[in-house]
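J.: I need the structure of the sequence given here:
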Amino acid sequence: MKDRFDGLVEQLLAGNIFLEEAIEVLEKNMIQRALERHAGNQSATSKQLGIHRNTLQRKMVEYGLVNGRGRTRRKPVTRAGRPRKPKAGAA
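T.: Next comes the predicted model:
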């Protein structure tokens, strides 16, 4: 495994790839493959990658790996300003 990684490093250096670009390519591919492996389950993906789920979500947006819903689901908005109905049998 180390030999393969060393070979990859040599290819990147020979191709004049900047470190920042190499990190982005590696990070994006690892996130993408982990998401596929876990069928889109972000909690399982973040655990496998050893990062917080919020960090995973931020990187997904950064790399354009967001699913069709756009962002992650949020809690429904509460009914602000609507009076509650009185409970049946209350005096």
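J.: Can you give me the buried ones in the longest helix seen in the chain?
T.: When the chain is parsed with DSSP state H, its longest helix is helix 19-37. Using 16 or more other C-beta atoms under 10 Å as the test for burial, helix 19-37 gives 28, 31, 34-35. C-beta: built from backbone N, CA, C; applies to glycine.
J.: repeat for stretch 45-52
T.: Of the residues in stretch 45-52, those buried (16+ other C-beta under 10 Å) are 45-46, 49.
J.: returning to that earlier point: report the angle between the helix or strand following the longest helix of the chain and helix 19-37.
T.: Next in sequence after helix 19-37, counting helices and strands by DSSP states H and E, comes helix 42-49. Calculated by axes from the mean of the first three to the mean of the last three C-alpha atoms, to 10 degrees, helix 42-49 forms an angle of 130 degrees with helix 19-37.
J.: what about helix 42-49, distance to the chain center?
T.: In terms of C-alpha atoms, centre = their mean, to the nearest Å, the centre of helix 42-49 is set 8 Å apart from its chain centre.
J.: If you average the pLDDT over the following helix or strand past it, what comes out?
T.: Per DSSP H and E, the first helix or strand lying C-terminal to helix 42-49 is helix 53-62. For helix 53-62, mean pLDDT is 95.
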